[in-house]
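Asks: Quick check, what structure comes out for this input:
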Amino acid sequence: MEATAKEKYIRMSPTKMRRVLSLVKNKSVEEALNILEYTPKRAATVLRKAIQSASANYFASENAPKVTPGDVFIKQIRVDGGPVLRRFRPMSMGRVGRIRRRTSHLTIVIEDKE
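Replies: Numbers count the residues shown, from 1 in each chain. Here you go, the predicted structure:
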């Protein structure tokens with residue numbers, strides 16, 4: 001059985017999130033939460049909350065087998081780009097510079113070890 005959690009419109013670029021995401025890919029939920037607890041990146045807190053949400057979804061379902069949290073693994077975790085917020089800033093010689101503030105969509109799928 002599997003459970004999912006989705007976080008949308010995260011105000012962080014997908015590239016920065018993927019750097020932290022590679023630390024917890026294919027790990028157990030318990031191990032991933034321990035790794036993210038001590039990772040000094042801003043993306044770690046967002047990932048940690050999403051993994052906790054996915055595990056809560058898993059254990060709250062009606063068909064959840066009697067499994068310990070150590071036996072639940074991250075099956076799939078991915079970050080996709082969301083909409084880009086465009087801001088403009090004055091530059092030299094009367095020109096304008098575009099600043100793109102990127103957003104992310106995070107999807108986590110967890111499954112028990114079988």
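Asks: And the residue nearest to the spatial centre of the chain, what's its pLDDT?
Replies: Residue closest to the mean C-alpha point of the chain, counted by C-alpha atoms, centre = their mean, is Leu47 at 3.9 Å. Note on Leu47: pLDDT of 95.
Asks: With Glu2 instead?
Replies: For Glu2, the predicted pLDDT is 87.
Asks: count of residues packed around it?
Replies: Neighbourhood size, Glu2 [other C-beta atoms under 10 Å]: 15. Glycine gets a C-beta too; all of them are placed from N, C-alpha and C.
Asks: What of the one 10 residues further on?
Replies: Per other C-beta under 10 Å, the neighbour tally for Met12 reads 19.
Asks: again with Pro90
Replies: Counted by other C-beta under 10 Å, the residues lying close to Pro90 total 8.
Asks: how near is it to Arg18?
Replies: 32 Å (C-beta to C-beta, to the nearest Å).
Asks: before we move on, what about Asn57?
Replies: Where Arg18 is concerned, Asn57 sits at a distance of 23 Å (C-beta to C-beta).
Asks: Next: Gly70.
Replies: 26 Å.
Asks: now Ala32
Replies: 15 Å.
Asks: who's more crowded, those two?
Replies: Ranked by neighbour count (other C-beta under 10 Å), Ala32 and Arg18 place Ala32 first, with 25 against 15.
Asks: following the longest helix belonging to the chain, which helix or strand comes up?
Replies: As assigned by DSSP state H, the longest helix anywhere in the chain is helix 42-60. Per DSSP states H and E, the first helix or strand lying C-terminal to helix 42-60 is strand 72-81.
Asks: tell me the angle of that following strand relative to helix 42-60?
Replies: 130 degrees (axes from the mean of the first three to the mean of the last three C-alpha atoms, to 10 degrees).
Asks: Pairing partners for the helix or strand following strand 72-81, with directions?
Replies: Going down the chain from strand 72-81, the next helix or strand is strand 85-90, by DSSP H and E. Sheet pairing for strand 85-90, assigned by DSSP bridges, gives strand 96-101 (antiparallel).
Asks: who touches the following helix or strand past the partner strand?
Replies: The helix or strand immediately downstream of strand 96-101 is strand 104-112, counting by DSSP H and E. Here strand 104-112 makes contact (C-beta atoms under 8 Å, 6 or more residues apart in numbering) with 1-10, 12-14, 17, 29, 46-47, 50-51, 53-55, 58, 65, 67, 71-82.
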